[in-house]
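**Student:** What shape does this take:
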Amino acid sequence: GWEYILEKHGGRLPVKIKALPEGTVVPTKTVLITVVNTDPECYWLTNFLETLLVQVWFPMTVCTNSRYQKLSIQKYLEETGCEDWNP
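**Tutor:** Residues are numbered from 1 along each chain as shown. Presented below is the predicted three-dimensional model:
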């Protein structure tokens, strides 16, 4: 487990994590984060880290919903002649 990682990898996790840059707008069903294990002895590590990384899903969902709400509000402010709106 963790002692193997400490001894074999100097404490560095043997994984490769790829993610889209913060604020990137993408279509639904687009992969946002991937975690790839680089050491077969640490087969359990990928699921462990994915469980932790899933914690970022909720804030990203809130941001996405907020963005679409802002776009909707902007549309109707412009349609009703509001000139003070600054997107």
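**Student:** Do a quick rundown of the strands in this protein.
**Tutor:** Here the chain has its strands, by DSSP state E, at 15-19, 33-37.
**Student:** What's the local residue count around Leu32?
**Tutor:** A count of nearby residues for Leu32, using other CB atoms under 10 Å, gives 13. (Each C-beta comes from the backbone N, C-alpha and C, glycine too.)
**Student:** Can you give me the pLDDT of the residue nearest to it when sequence neighbours are not counted?
**Tutor:** The shortest distance from Leu32 to any non-neighbouring residue, by CB to CB, 6 or more residues apart in numbering, is to Leu20 (5.5 Å). Leu20 is assigned a pLDDT of 88 by the prediction.
**Student:** same check, this time on His9
**Tutor:** pLDDT recorded at His9 is 96.
**Student:** What is the neighbour count of it?
**Tutor:** For His9, the tally of surrounding residues (other CB under 10 Å) stands at 15.
**Student:** check contacts around it.
**Tutor:** By CB atoms under 8 Å, 6 or more residues apart in numbering, the residues touching His9 are Asp39.
**Student:** any idea how far it is from Cys42?
**Tutor:** Relative to Cys42, His9 is positioned 9 Å away (CB to CB, to the nearest Å).
**Student:** who's in contact with the spatially closest residue to Thr34 that is not a sequence neighbour?
**Tutor:** The shortest distance from Thr34 to any residue that is not its chain neighbour, by CB to CB, 6+ apart, is 4.8 Å, and that residue is Lys18. Lys18 makes contacts with 33-34, 36, as judged by CB under 8 Å, 6+ apart.
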